[in-house]
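# Give me the fold of what follows.
(chains A and B)
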Amino acid sequence: MSKSLLAAVAAGALALGAPALQAAQAQTFHIALREDPDTLDPTLAQSYVGRIVFAGLCDKLFDINAKLQVVPMLATSYDWATPTSLIIHLRKGVTFQDGTKMDAAAVAYTIHRDLTLQGSARKGELAHVTGAEVVDPLTVKLTLSSPNAGLIAQLTDRAGMIMSPTAIKKEGKNFGLHPVCAGPFAFKKRIPQDEIVLDRYPGYWNAPAIHFNEVVYRPFPNGQVRLANLEAGAIDLSEQVLPTDVPAVEKDPKLRIVMSPGLGYQGITFNTNNGPAAKTAIGESALVRKAFELSIDRKALIQVVYNGMFQPTAQAESPLSPYFDKNIAVPGRNIAEAKALLKQAGVKLPVPVTLTVTNGSDSQQTGVVIQSMAKEAGFDVKLRTLEFATSLHAGEKGDFQAYLIGWSGRVDPDGNLTPFLHTGAFFNYGHYSNPTMDKLLGEGLATNDFAKRKAIYDQVQELSNKDLPLMYLYTLGNIVGMKKTVHGFVPVPDGMIRLQGVSMSK
Amino acid sequence: MRGRLGIRILQVIPTLLLVSMLVFGLQELMPGDPAVLLAGEDANPTVIAQIRKELWLDRPVPVQYLHWLSGALHGNLGYSWRLREPVLQLIGQKLPVTMQLSAMAIVFAIGIGVPMGVLSAVKRDTPLDWLANAVGLGGLSIPTFWLGIMMILFFSVDLGWLPPSGYVSLARNWERSLATTIMPAFVLGNAIAAVLMRHTRSAMLQALSQDYVRTARAKGLGEWVVVMRHALRNALIPVVTLGALEFGALLSGAVLTEQVFSIPGFGKLIVDAVFNRDYPVVQGVVMVVAALYITLNLIADILYIIINPRLRAA
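I've put the predicted structure just below:
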């Protein structure tokens, strides 16, 4: 099977900068982040916001576009020579920010580092990769232990970021303090909790698409503070404007909002099989879980907590994904049916449920709304508020009955489903286990045929909604606020701020 | 006096050792697994096991502590697990910022609180006293977070006079540095000023009723000479203690104010570290703050003696 990717697609997409804005090239672009990123070493990095900084610093082998299609970046195309042998063709004339050539040897070196460095966070993403070898200076071959249809999607993220071997050899474990990649901007300095400054790299392979001399990323953990800085003009663009702040931005004549559906979702994980806490009516009976679902009005919940800014959903895939199943309708609230299901399940009313929520204000509000809605159907929901790290620990140990926890989302459906629904998977906190589900998930990963995969994942979603170990509530959205003078910003579902084509007029 | 100072300095060693053990022990009691947090969304048992091994989390707590202590005694406070930066380097970046902000806040606090307290005591039960009390009560009651946001909205968004964030160091650009820290320093200083005002007032009222003040007045000294030279000098002793404690508290990081004004100081560092279970950073920052606290208390002791020479004989 072969899939050629046209470099022209990317070139066209990246030439978005209007000629009239060329004068703005001397500018500094200020971006507000929701938190301070972790290390800037693509092999070790874990945080979501870190990926936003990497979007300016480290190009990847492939990228995704607004329609979630894989497009070329450092690679121009790929071919599956066999189901376990991936040939990647690289772009010619690309250099790292230290002047080192970006070639097949650099790709093999980076992949090898990702697979072997102690503490590497990429090991899991590249789990099926057993080796990377140089075919010629612009061709690299990845060998897999077994077929993995999700690999290309992994290479559109940190596992596909190629680092300068010269810099890695020089910096060793300190590479994250002075990262060198092949992105449009080179690392200049970082003051933790304050700013990360990147300088334009003149040798960037797609230099005409870049219109700033400097980019400054600044963390503002508080939404109101992020908004105030945007209003005061101290920053030019802010990721994750709070839904409740959207009207304020829309009223401001100097600002605008760009909203788009994201890849992630918010949901409730039920403890069906993990320790004593699973021995509850809601943990043991899919009927009770279905009744719980029917007691919730997702639309009203979103309206109350998020100003109606997100989309209700009953599946893990984003509506923009080609794997989104249009046949899955979002169940509406139906108290009579919920009561009937509880009667059919033969449980004593009210059904006690402890819902674990994190201590963010929106999580707590969501919990309160669910509590109030479920009561009408015969559930007695108690809220247990935990700080995020503590809640993760509780999830892992099975110390929960129902847990309000979301997922930032992945391009490939395997990344959105297997970690949560496969027996023994790490994020399958409730220890849900169904051999049919495991078989389907295995088949989905083993084939590269889109039609076959789509059919398999449709079945997975259907089975998930029948067993209901996880109740999806809504698709997360990307809400980006910016000055009206910012042009060329294209929202992509992964929420990254891609700087190619972005410019600013005075 | 030298002997007393010597003993105080020697007391620092067991105190810091005790603090280090306490912090280490408390961290172990905290729920949440640092390895799981570090592994993030890419967590799997293999990655988590590797992280544990790398960070010595798979070893007994006393071994972990001795490992840390041995490093600390050699001037190495370890690496931040999350940022992969040396803890000492992080502290070196944050300490000057926090020192500057704290110093400016204390200047505001003393500049507002002490004169208001003196005036309030001297003009007791007059409208001036009532006004000072109302202002003091306001300073104590207004949440710093709210005041900070309001100041940003007024001075930065509406008037455009001051930058809402974007701290730069004094060495790099002192004007810009002052512009970015004046609002947070005022917010912090305002709350402390209220406390200082009330303490100064009550200490001054007590001092003004003493015999030596009556004697000074009987000698025919001017009222302001009596107030400033005799009453205030004695009244300042508890105020100095309080000021030193407040300054110490500021050095441990004004979390909310730093968040609102995006000041990259100790507060933000330690909060991020606690939430991310970045134990070496928590441990390092707490140790430095403890050392600063102890030093400030020592300075307060010395200041007592300077302000009140009678203590020199003790």
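# burial measure for A:S47, as a count.
19 (other C-beta atoms under 10 Å in any protein chain shown). The C-beta positions use only the backbone N, C-alpha and C, and glycine is treated the same way.
# For it, give its distance to chain B.
In this view, A:S47 and chain B are 7 Å apart by C-beta to the nearest C-beta, to the nearest Å.
# Which residue, neighbours along the chain excluded, lies closest to that residue?
A:D38 (4.5 Å; C-beta to C-beta, 6 or more residues apart in numbering or on different chains).
# what are the ranges of the strands in chain B?
Along chain B, no stretch is classed among the strands by DSSP state E.
# Tell me how it divides into domains.
B:2-73, B:88-313 (automatic domain parsing).
# Report the mean confidence score over the last one.
Throughout domain B:88-313, pLDDT has a mean value of 86.
# Just grab the bridge partners of A:V216 for me.
Beta-bridge pairing for A:V216 (DSSP bridges): A:H30, A:V197.
# Wait, it touches A:Q27, no?
No. When contacts are counted by C-beta atoms under 8 Å, A:V216 is not listed as touching A:Q27 (10.9 Å).
# residues from the stretch 201-350 of chain A in reach of chain B?
A:218-222, A:224-225, A:228-229, A:231-234 (C-beta under 8 Å from any C-beta of the partner chain).
# Just the residues you listed: which are in helices?
A:224-225, A:228-229, A:231 (DSSP state H).
# And these, which is the shakiest by pLDDT?
Scoring these by pLDDT puts A:Q224 last, at 86.
# my guess is that one contacts A:A248, does it?
No. Contact criterion C-beta under 8 Å: A:Q224 and A:A248 do not qualify, at 9.6 Å.
# Please pull out the lowest mean pLDDT helix or strand from chain A.
Counting by mean pLDDT, DSSP states H and E, the weakest-scoring helix or strand in chain A turns out to be helix A:7-14, with a mean of 36.
# Tell me who's in contact with the residue of the stretch 101-250 of chain A found nearest chain B.
Proximity of the stretch 101-250 of chain A to chain B (C-beta to the nearest C-beta) peaks at A:D194, 3.4 Å away. A:D194 makes contacts with A:218-219, B:167, B:262, B:264, as judged by C-beta atoms under 8 Å, 6 or more residues apart in numbering or on different chains.
# ok, A:P319 touching A:F310?
No. The criterion here is C-beta under 8 Å, and A:P319 misses it with A:F310 at 11.1 Å.
# which residues do those two both contact?
By C-beta under 8 Å, 6+ apart, the residues touching both A:P319 and A:F310 are A:T475.
# Between those two, tell me which one has more neighbours.
Set side by side, A:P319 and A:F310 show more neighbours around A:F310, with 25 against 12, by other C-beta under 10 Å.
# show me what contacts that one?
A:243, A:266, A:302, A:474-477.
# Filter the residues you listed down to the ones in strands?
Using DSSP E, the contacts of A:F310 in strands are A:266, A:474-477.
# Tell me how chain A divides into domains.
According to automatic domain parsing, the ranges for chain A are A:3-34+A:186-254+A:484-504, A:62-167, A:262-477.
# Show the end-to-end separation of the last one, please.
End-to-end span of domain A:262-477 (C-alpha to C-alpha, to the nearest Å): 5 Å.
# still on that earlier bit, okay, the residues of the stretch 201-350 of chain A next to chain B in CSV with distance to B:S80 and neighbour count next?
As requested, those are exported to CSV (distance: C-beta to C-beta, whole Å; neighbours: other C-beta atoms under 10 Å in any protein chain shown):
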residue, distance to B:S80, neighbour count
A:R218, 19, 24
A:P219, 15, 21
A:F220, 21, 26
A:P221, 17, 17
A:N222, 22, 16
A:Q224, 28, 19
A:V225, 24, 21
A:A228, 29, 26
A:N229, 26, 25
A:E231, 33, 22
A:A232, 31, 20
A:G233, 32, 16
A:A234, 27, 21
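# Which pair of those residues spans the longest distance?
Of all pairs drawn from these, the greatest distance, 20.3 Å, lies between A:P221 and A:G233 (C-beta to C-beta).
# what are the ranges of the strands in the stretch 201-350 of chain A?
A:214-219, A:237-238, A:255-270, A:311-312 (DSSP state E, counting those that start in this stretch).
# How about the longest one, which residues are buried there?
So the one you mean is strand A:255-270. Neighbour counts over strand A:255-270 (16 or more other C-beta atoms under 10 Å in any protein chain shown) mark A:255-257, A:259-270 as buried.
# show me the contacts for A:Y472.
A:265-267, A:313-316.
# Looks to me like it is in a helix.
No. Applying DSSP: H, G, I helix; E, B strand; the rest coil, one finds A:Y472 to be strand, outside a helix.
# Skipping its backbone neighbours, what lies nearest it in space?
A:G267 (4.6 Å).
# That neighbour contacts A:G406, correct?
Yes. With contact defined as C-beta under 8 Å, A:G267 counts as touching A:G406 (6.5 Å).
# before we move on, the earlier item: for the strands of the stretch 201-350 of chain A, which one sits closest to B:R214?
strand A:214-219 (59.4 Å).
# shaky segments in chain A?
A:1-26 (pLDDT under 70).
# Repeat the analysis, applying 50 as the threshold.
Low-confidence segments of chain A, defined by pLDDT under 50: A:1-25.
# need the contact list for B:M204.
B:117-118, B:120-122, B:227, B:231-232, B:235.
# Excluding chain neighbours, what is closest to it?
B:A121 (3.5 Å).
# Verify the stated contact: that neighbour with B:S209.
No. Using C-beta under 8 Å, B:A121 is not in contact with B:S209; the gap is 10.2 Å.
# Show me which of those two is the more surrounded one.
Applying other C-beta under 10 Å to B:A121 and B:S209 shows that B:A121 carries more neighbours, namely 24 against 10.
# so where do the helices sit in the stretch 201-314 of chain B?
B:211-218, B:223-225, B:232-251, B:255-261, B:266-275, B:279-307 (DSSP state H, counting those that start in this stretch).
# I'd like a version of these in CSV, one that adds mean neighbour count as further columns.
Shown next, in CSV, are the helices of the stretch 201-314 of chain B (neighbours: other C-beta atoms under 10 Å in any protein chain shown):
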stretch, mean neighbour count
helix B:211-218, 13
helix B:223-225, 11
helix B:232-251, 20
helix B:255-261, 24
helix B:266-275, 23
helix B:279-307, 19
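# so which of the ones you listed gets nearest chain A?
Per C-beta to the nearest C-beta, nearest to chain A of the helices of the stretch 201-314 of chain B: helix B:266-275, 4.4 Å.
# any residue of that closest one up close to chain A?
Yes. Judged by C-beta under 8 Å from any C-beta, helix B:266-275 comes into contact with chain A at B:268-269, B:272, B:275.
# what residues does stretch A:347-363 touch?
A:268, A:280-282, A:285, A:288, A:292, A:305-306, A:342, A:364, A:366-367, A:370-371, A:374-375, A:378-388, A:391, A:394-395, A:400-405.
# Using CSV, write down the CA coordinates of that stretch.
Extracted C-alpha coordinates of stretch A:347-363, given in CSV (Å, rounded to 0.1, in the frame of the first residue of the first chain):
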residue,chain,number,x,y,z
VAL,A,347,-31.9,-1.8,42.4
LYS,A,348,-32.9,-0.1,45.6
LEU,A,349,-33.7,3.6,45.2
PRO,A,350,-32.1,6.0,45.6
VAL,A,351,-29.0,4.6,43.9
PRO,A,352,-25.9,6.0,45.7
VAL,A,353,-23.1,7.2,43.5
THR,A,354,-20.0,9.0,44.5
LEU,A,355,-18.7,11.1,41.7
THR,A,356,-15.0,12.2,42.0
VAL,A,357,-14.3,15.6,40.4
THR,A,358,-11.1,17.7,40.4
ASN,A,359,-10.9,21.0,42.2
GLY,A,360,-11.2,23.2,39.1
SER,A,361,-14.3,25.5,39.3
ASP,A,362,-15.8,24.1,36.0
SER,A,363,-15.3,20.5,37.1
